[in-house]
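S.K.: dropping a prediction and its sequence here:
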Amino acid sequence: MRVIAVWAVSTLTMLVLAGILPDFQLQSDDGDSITRTAFTAAWGAGAFGLLSALVWPVLVRALLIVPALVLGALVFFLNGSLLWIALRLIPDGRGDANPETAVVVAAVMSAVASAASTALAVRDDDAHWRRLSRLADRRRRRSSTSDGRGGPPGIVFVQLDGVGHDVLRQAAADGLMPTVAGRIADEAGHRLTPWFTDWSSQTGASQLAILHGSNFDVPAFRWYEKETGTVMVSSRPASALEMQRRAIARTHDGGLLTVDGASRGNLFSGGATQLALVLSMAARLGKGRRSRAGYFAYFSDPANAVRTALSFTAEVGREIGQSTRARIRKETPRVKRGGLYPFIRAFATVVERDVVVAAVIGDMFAGRTTVYADLVAYDEVAHHSGPHSRDAEKVLTRLDRSLGLIARAAEHAPRSYRIVLLSDHGQSPGETFAGKYGLTLKDLVRAGCGLPVPRRAQRTRSASEARDAVRIALHRPVDEQEAEHQAALSDPVVLASGNLGLLSFPDIEGRASREEIDRRHPALLGTLANHPGIGFLLVRSEEHGSVVLGRGGAEVPVPELTDGEGPLAGYGTGAAEAVRRTDSFPHVADVMVNSMYEPETGAVHAFEEQIGSHGGLGGEQSRPFLLWPRTLTDPVDALAAEGEGPVTAVVGAEAVHRVLAHWIRELSGPQVPLSEQSFTRGPVPGADGAAPGGADAVPGADDAVPGARG
């Protein structure tokens, strides 16, 4: 049906061109009826399509030895020649065109036919798979392991950003994710288990630890550093690069991916030499130039460009329709979803997804040892629509189709692969703090300090990795210092990271004590601790050391904290240790504020404009998942093998790093990091000449960039 439709479109295009171009003829000299002319056009379009399908691949293969620029010029001549031959095949000599016109007609018809074919196949995974596999096929054939599937297996880690353990299990049970459901049901082959995040349950902290082994001194998605007066924001390139540099300096380890690794769509490089859409490297390499290389590699195929463009447009329309329906139905909770958000959502759910998946498939066909990729689609939609909304469920279904493509690639790759699915955090639902109580956390802090509060509550900017990724992809500058945080030294700096708030006093050197805060603002801590929307506070006391404050005057020294008791009641396994660890950070805020949590509903109140949030403690946000093949060691046993001692669960993102590193060593044996020389910049895949390793370019591949040297 698609072939017939494309044939009809090509016939119509040929008729239109015959009417426009005086030197293009589809009729006899005496003229023909409309029916006869249409038949002639259909014959010519069919002949041209058949010649293009049969002859064009042979011509291109024969001309591979021709320099690229010369071949580019020959394309138009060869295409015009095929059209001229097709016209000669029309009965009774009714088709005719001079050489120059034939070139123009052939170019237009090829473009229209390609666009029509791609539009009709936009939701056809088989057609998309064939395009992606063709892009990587030459790399596979020339790979050193292409003569069989021998050698140690590779491993691919696919991070489903923001998908909690319970959400994944429910989506699989409801039939929304058949690929995942098949793996969960295959208990002999795979196993699903939750792990528990740190207090800072967000991508910046989790992925930094997973890829680089340490997230020490990352208290939140954004935090204030007094010694420099700057706000660190995990989704900003310069901040991400500095976070990566600090982690490498602490661990003296380049990262999880230093041995023949690829990092795709992540905040950090993980030490990989193959990079695409890696945020931290955008700052190092200048104006996002290298971070956009993955886009250029993917969109170099017109069919990919058309498919993704149509899906992007459909997603924008889908978001506008869904948000309009939510407003008409007066659904609650609800946040504003206008402005640029429909385009941000379409970028995260379509463009970044397609580019990252193509890059991963290319890596597998290239036979790379380790790949780590992040798919951010669900996280972005769940923030604005809710983690259990129909909007988010539909995104999960489309992500599952992408996972199916990756699994299919594993069956055809030159080496066998183990595919591990994981997430960096979950999301907890709930109305925003401002929506519930009519004021933001910043307003509440100012009121507690006796400072003026705006009559109308202001919106708190929402954290969005996708928003900053869009800016980099479009070569737009990203301001490191957010204007809303440029307060006078006498004013407190209030930052939000989901349902975690951070309060700092810039004019107090070092970490402010409870006593100093009480002397300056006697009502502040009591106002915060007793507010119904706040669960507990962490603050340092000169007399008792750090303490956690709760409602009704509750006060517990940090060393005495116990899970499920006092102010931490209901916050789950590992909450006490997570607070103790954060308390030891040099850049912990003067006051750390965690929102309330309702165990009955799983709800929290985000201090940002998000009805699905993460960043603090409370509910599903702290329970991401690991789904791994049983041929790999159980995570708990892997931690024991790494010298962790008796453990019963994977707690903290640093523990996840040790598990993944154990699996890599388990599959590949002792790892030999690449030499210093191998971290020099090599030729760009896709340009004239060979890519690193002497093989052809693959979609999404980037050149060798130092990711493990800070």
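M.R.: Great, that's in hand. Small disclaimer: the values here were computed from a predicted structure and weren't measured.
S.K.: please make it C-alpha for all contacts and neighbour counts, starting now.
M.R.: OK.
S.K.: which parts of the stretch 551-700 of the chain are helices?
M.R.: Per DSSP state H, counting those that start in this stretch, the stretch 551-700 of the chain carries helices over the ranges 575-583, 635-641, 653-668.
S.K.: out of those, which comes closest to residue 21?
M.R.: The closest of these to residue 21 is helix 653-668. By Cα to Cα, the value is 62.1 Å.
S.K.: residues touching the closest one, excluding its own?
M.R.: Counting contacts by Cα atoms under 8 Å, 6 or more residues apart in numbering, the residues outside helix 653-668 that touch it are 152-155, 196-198, 205-207, 209-215, 256, 370, 424, 632-633, 635, 638-639, 642, 650, 671.
S.K.: so how do I select the buried members of those residues in PyMOL?
M.R.: Listed next is the PyMOL selection for buried residues among those, using 16 or more other Cα atoms under 10 Å:
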select buried, resi 153+154+155+196+197+198+205+206+207+209+210+211+212+213+214+215+256+370+424+632+633+635+638+639+650
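S.K.: in helices, which of the contacts of helix 653-668 appear?
M.R.: 205, 206, 207, 209, 210, 211, 212, 635, 638, 639 (DSSP state H).
S.K.: make a markdown table from these and add pLDDT and distance to residue 116 to it.
M.R.: Formatted as a markdown table, the ones in helices among the contacts of helix 653-668 follow (pLDDT from 0 to 100; distance: Cα to Cα, whole Å):
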| residue | pLDDT | distance to residue 116 |
| --- | --- | --- |
| 205 | 97 | 44 |
| 206 | 97 | 43 |
| 207 | 98 | 40 |
| 209 | 97 | 45 |
| 210 | 98 | 43 |
| 211 | 97 | 42 |
| 212 | 97 | 45 |
| 635 | 95 | 48 |
| 638 | 93 | 51 |
| 639 | 93 | 53 |
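S.K.: from those residues, pick the one nearest residue 231.
M.R.: residue 205 (15.5 Å).
S.K.: for that closest one, which non-adjacent residue is closest in space?
M.R.: Using Cα to Cα, 6 or more residues apart in numbering and skipping the chain neighbours, the partner closest in space to residue 205 is residue 215 (5.5 Å).
S.K.: what sits against the one you found?
M.R.: Residues in contact with residue 215 (Cα under 8 Å, 6+ apart) are 205, 206, 208, 209, 247, 653, 654.
S.K.: which pair in those has the greatest spatial separation?
M.R.: Taking Cα to Cα, the two most distant members of these are 247 and 653; they sit 13.1 Å apart.
S.K.: for the stretch 101-250 of the chain, just list every one of the strands.
M.R.: Assigned strands in the stretch 101-250 of the chain, in chain order: 154-160, 190-194, 222-225, 230-233 (criterion: DSSP state E, counting those that start in this stretch).
S.K.: quick one: which of the ones you listed is nearest residue 432?
M.R.: That would be, of the strands of the stretch 101-250 of the chain and by Cα to Cα, strand 222-225, which comes in at 18.3 Å.
S.K.: any idea how far residue 204 is from the residue nearest to residue 205?
M.R.: With the distance defined as Cα to Cα, to the nearest Å, residue 215 ends up 9 Å from residue 204.
S.K.: equivalent analysis for residue 498, please.
M.R.: If you go by Cα to Cα, the gap between residue 498 and residue 204 works out to 13 Å.
S.K.: tell me the buried residues in stretch 161-173?
M.R.: Judged by neighbour count (16+ other Cα under 10 Å), stretch 161-173 contains these buried residues: 161, 162, 163, 164, 165, 166, 167, 168, 169, 171, 172.
S.K.: what mean pLDDT does that stretch have?
M.R.: Mean per-residue pLDDT for stretch 161-173: 97.
S.K.: the strands in the stretch 551-700 of the chain, which residues?
M.R.: Assigned strands in the stretch 551-700 of the chain, in chain order: 555-557, 591-595, 597-598, 603-604, 612-613, 625-629 (criterion: DSSP E, counting those that start in this stretch).
S.K.: how far out from the middle of the chain is the fifth one?
M.R.: How far strand 612-613 lies from its chain's middle: 17 Å, per Cα atoms, centre = their mean, to the nearest Å.
S.K.: now the helix or strand encompassing residue 401 against strand 154-160, angle please.
M.R.: Assignment of secondary structure by DSSP states H and E places residue 401 within helix 390-412. Our comparison of helix 390-412 with strand 154-160, counting by axes from the mean of the first three to the mean of the last three Cα atoms, to 10 degrees, yields an angle of 170 degrees.
S.K.: convert the C-alpha atoms of helix 390-412 to CSV, please.
M.R.: Extracted C-alpha coordinates of helix 390-412, given in CSV (Å, rounded to 0.1, in the frame of the first residue of the first chain):
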residue,chain,number,x,y,z
ARG,A,390,-2.2,9.0,30.4
ASP,A,391,0.2,11.4,28.8
ALA,A,392,3.2,9.8,30.6
GLU,A,393,1.9,6.3,29.9
LYS,A,394,1.8,7.0,26.1
VAL,A,395,5.4,8.1,26.3
LEU,A,396,6.3,4.8,28.0
THR,A,397,4.7,2.9,25.2
ARG,A,398,6.9,4.8,22.6
LEU,A,399,10.0,4.3,24.7
ASP,A,400,9.3,0.6,24.7
ARG,A,401,9.3,0.6,20.9
SER,A,402,12.7,2.2,21.0
LEU,A,403,13.9,-0.5,23.4
GLY,A,404,12.6,-3.1,20.9
LEU,A,405,14.8,-1.5,18.2
ILE,A,406,17.9,-1.7,20.5
ALA,A,407,17.1,-5.4,21.4
ARG,A,408,16.7,-6.1,17.7
ALA,A,409,20.1,-4.6,17.0
ALA,A,410,21.7,-6.9,19.6
GLU,A,411,20.5,-9.9,17.6
HIS,A,412,22.4,-8.6,14.5
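S.K.: just want the angle from the helix or strand just after that helix to strand 625-629.
M.R.: Under the assignment DSSP H and E, the closest C-terminal helix or strand after helix 390-412 is strand 417-422. For strand 417-422 and strand 625-629, the angle between their directions (the same axes, to 10 degrees) works out to 160 degrees.
S.K.: point out the other helices and strands that strand 417-422 packs with.
M.R.: For strand 417-422, the elements it packs on are strand 154-160, strand 625-629, judged by 3 or more Cα pairs under 8 Å, 6 or more residues apart in numbering; DSSP states H and E.
S.K.: reformat those as a markdown table; add distance to residue 7.
M.R.: Rendered in a markdown table, the data for these read as follows (distance: least, Cα to Cα, whole Å):
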| stretch | distance to residue 7 |
| --- | --- |
| strand 154-160 | 39 |
| strand 625-629 | 45 |
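S.K.: which among the ones you listed is found nearest to residue 45?
M.R.: Minimum separation from residue 45 across the helices and strands packed on strand 417-422 (Cα to Cα) falls at strand 154-160, 43.7 Å.
S.K.: need the residues that contact that closest one.
M.R.: Taking contacts as Cα under 8 Å, 6+ apart, the residues outside strand 154-160 that touch it are 367-376, 378, 415-424, 664, 667-668.
S.K.: relative to helix 653-668, how tilted is that strand?
M.R.: 150 degrees.
S.K.: describe which strands strand 154-160 pairs with in its sheet and in which direction.
M.R.: Applying DSSP bridges to the sheet, strand 154-160 is found paired with strand 370-375 (parallel), strand 417-422 (parallel).
S.K.: ok so, going back, next, show the common contact partners of residue 215 and residue 204.
M.R.: What both residue 215 and residue 204 touch, as defined by Cα under 8 Å, 6+ apart, is an empty set.
S.K.: between residue 498 and residue 204, point out the one with more neighbours.
M.R.: Taking residue 498 and residue 204 together and counting by other Cα atoms under 10 Å, residue 498 has the greater number of neighbours (34 against 26).
S.K.: kindly provide the distance from that one to residue 226.
M.R.: Residue 498 sits 22 Å away from residue 226, going by Cα to Cα.
S.K.: and if you look at residue 185?
M.R.: Where residue 226 is concerned, residue 185 sits at a distance of 51 Å (Cα to Cα).
S.K.: looking at the two, which one has more neighbours?
M.R.: In this comparison of residue 185 against residue 226, neighbours counted by other Cα under 10 Å, the higher total goes to residue 226 at 18 against 14.
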